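Novice: Below are the sequence and a predicted model; questions follow.
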Amino acid sequence: MCGGEGTRLRPLTFERPKPCIPIVNTPSIGHLVSHLSNLGFTDVIVTLGYMGIAIEDALGDGSLFGVDITYVREKQKLGTAGSVKNAERYLDGQPFLVVGGDHVADLNLLEFYREHIAGDAITTIGLISIDDPCEYGIAEIDVDNNIQRFREKPAPGEIFSNLASTGMYVCDPAVFDHIPAGKKFDFARDLFPELMEGGKTLKGWLARGNWTDVGSPRSLRQAERWKLQELSHTSIIGDLSMKGAHITGPVRLGGSLTLGMNSRLVGPVAIGGSTIIEDNVLIGPYTSIGEGCVIHSSTRIFSSSIYDWVVVGRESTISGSIIDNGVVIGAGCSIENDTVIGPRSRLGERVIIHSGTRVWPESVIPAGTVVKEHVLNEKYDLGYEGS
């Protein structure tokens, strides 16, 4: 399911849909489809909404991932269950797995599918224990994994379980009898309460492993951390110009890369092709840098995501942040934790961005400014709450 606008991730989703946000320099949906393919799910149907063309460009016909992809477009917003109903004709009357296009996970979804097939439930919901389930649907299950109660986004005092719905479901085709065609209809808000009130059996599957729906910049950084942890060795694609630099792996380096004197990479780190890293630069663990970037001398970058064509001025520090395409950061800047800077923004010298701040695309921040709140740009929608 790839329909949402990803407003909670703005400014990253003004120019790309949420499933195309890069994670270790690859659109996040590419990681998901690869995972499904590795588990044996080779027939994939993608429901498209906001900026669907970008998702088609990222995945193509699926052959690069070892799957066959069919695209189904929505003419209007149909909700989660409604979008799957819109694809009913392609499902051949078989049980099917539903996954959000913004999910990043290493869960054994084949085990999930097989457990559903072996049971008697009309739908099985993937559940995972989390510390704060307020933004999710939560479920209470019995010893046989039958769901006794389900509540979407509980308020304080209503949190009877910390088992949160992952938004991953295995469904029998009989669910389509309960989903109206051409109407907005959601799994958690509409379908599940109706099924339970009608006496249908819903089960839970207890997931083990890593999962996130990439609903916030912080969860996006966590997802990238997981993917960087999967790097097991140092790999260099193409030529590398390096003299007097130090590499502690694992790192993945693209072609035509330049590492300056006394610069240091401490993995896991991934850096795209044609990037220049000057002298005395320190790049710490859990960092990814895209293609065509220039990192000037004596810069420090820790646990951050730097996208393509970014320029970082000398003696700047970036910590735990996301920097989108084409950003130019002046000398001596400090970008604090959990900051997001939108594409083509310009920061003058000695700018300080406080933690948790977002900078909208094409913003210009004068030299010496201390930014303590979001910097919005009226050329773009100003909202950042919602889906």
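Specialist: Happy to help now that I have it.
Novice: Please make it C-alpha for all contacts and neighbour counts, starting now.
Specialist: Noted.
Novice: I'd like to know how many residues surround the closest residue in space to Glu88 that isn't next to it in sequence.
Specialist: Distance criterion CA to CA, 6 or more residues apart in numbering; nearest residue to Glu88, sequence neighbours excluded, is Phe176 at 7.7 Å. Neighbour count of Phe176, defined by other CA atoms under 10 Å: 18.
Novice: and the longest strand anywhere in the chain, which residues are buried?
Specialist: Across the chain, the longest stretch assigned as strand under DSSP state E is strand 163-171. By neighbour count with 16 or more other CA atoms under 10 Å, strand 163-171 contains the buried residues 163-171.
Novice: rewinding a little: relative to Thr201, how far out is the residue nearest to Glu88?
Specialist: Distance, Phe176 to Thr201, by CA to CA, to the nearest Å: 15 Å.
Novice: ok, now Val359?
Specialist: Val359 sits 47 Å away from Thr201 when distances are taken as CA to CA.
Novice: can you check Ile301 too?
Specialist: On the measure of CA to CA, Ile301 and Thr201 end up 51 Å apart.
Novice: CA-only coordinates of stretch 258-278, as PDB, when you get a sec.
Specialist: C-alpha atoms of stretch 258-278 as PDB (Å, rounded to 0.1, in the frame of the first residue of the first chain):
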ATOM      1  CA  THR A 258      38.000  11.000  -2.900                       C
ATOM      2  CA  LEU A 259      39.200  10.700   0.700                       C
ATOM      3  CA  GLY A 260      41.500  13.500   1.900                       C
ATOM      4  CA  MET A 261      44.500  13.400   4.200                       C
ATOM      5  CA  ASN A 262      44.000  12.200   7.700                       C
ATOM      6  CA  SER A 263      40.200  11.800   7.200                       C
ATOM      7  CA  ARG A 264      38.600   9.000   9.100                       C
ATOM      8  CA  LEU A 265      35.600   6.800   8.400                       C
ATOM      9  CA  VAL A 266      34.300   4.600  11.300                       C
ATOM     10  CA  GLY A 267      31.700   2.100  10.000                       C
ATOM     11  CA  PRO A 268      29.100   1.200   9.500                       C
ATOM     12  CA  VAL A 269      29.100   3.900   6.900                       C
ATOM     13  CA  ALA A 270      27.900   4.100   3.300                       C
ATOM     14  CA  ILE A 271      29.000   6.800   0.800                       C
ATOM     15  CA  GLY A 272      27.800   7.200  -2.800                       C
ATOM     16  CA  GLY A 273      29.800   7.800  -5.900                       C
ATOM     17  CA  SER A 274      31.600  11.000  -7.000                       C
ATOM     18  CA  THR A 275      31.600  12.400  -3.400                       C
ATOM     19  CA  ILE A 276      34.700  14.400  -2.200                       C
ATOM     20  CA  ILE A 277      35.700  14.300   1.400                       C
ATOM     21  CA  GLU A 278      38.500  16.700   2.200                       C
END
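Novice: Go through it and flag the buried ones.
Specialist: Across stretch 258-278, burial judged by 16+ other CA under 10 Å covers 258-278.
Novice: Where does the prediction get shaky in the stretch 201-350 of the chain?
Specialist: Regions of the stretch 201-350 of the chain meeting the criterion pLDDT under 70 are absent.
Novice: where along it do the helices fall?
Specialist: Under the criterion DSSP state H, counting those that start in this stretch, the stretch 201-350 of the chain contains helices at 217-229.
Novice: wait, Ile179 sits on Gly82?
Specialist: Yes. Between Ile179 and Gly82 there is a contact under CA atoms under 8 Å: 6.7 Å.
Novice: Need the residues touching each of those two.
Specialist: Common neighbours of Ile179 and Gly82, counting by CA atoms under 8 Å, 6 or more residues apart in numbering, are Phe185.
Novice: Confirm that Val84 sits in a helix.
Specialist: Yes. Per DSSP: H, G, I helix; E, B strand; the rest coil, Val84 lies within a helix segment.
Novice: contacting residues around Glu115?
Specialist: Neighbouring residues of Glu115 by CA under 8 Å, 6+ apart: Trp205.
Novice: How many residues are close by Phe185?
Specialist: Neighbours around Phe185, by other CA under 10 Å: 21.
Novice: How about Ile179?
Specialist: Other residues within reach of Ile179, judged by other CA under 10 Å, total 22.
Novice: any idea how far it lies from Ser83?
Specialist: 10 Å.
Novice: now swap in Ile237 and tell me
Specialist: The spacing between Ile237 and Ser83, counted by CA to CA, is 40 Å.
Novice: Tell me which of the two has more neighbours.
Specialist: A count of neighbours by other CA under 10 Å puts Ser83 above the other of Ile237 and Ser83, at 29 against 13.
Novice: so what's that one closest to, chain neighbours aside?
Specialist: Nearest residue to Ser83 in three dimensions, chain neighbours excluded: Thr47, at 6.5 Å (CA to CA, 6+ apart).
Novice: sorry, back to before: same list (the buried residues of strand 163-171) but as TSV, adding pLDDT and distance to Tyr136.
Specialist: Formatted as TSV, these follow (pLDDT from 0 to 100; distance: CA to CA, whole Å):
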residue	pLDDT	distance to Tyr136
Leu163	90	9
Ala164	89	6
Ser165	90	6
Thr166	92	8
Gly167	91	9
Met168	95	12
Tyr169	96	14
Val170	97	18
Cys171	96	20
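Novice: tell me which of the residues you listed is nearest to Arg16?
Specialist: Gly167 (21.8 Å; CA to CA).
Novice: Please name the residues that touch the closest one.
Specialist: Gly167 is in contact with 98-100, 125-126, counting by CA under 8 Å, 6+ apart.
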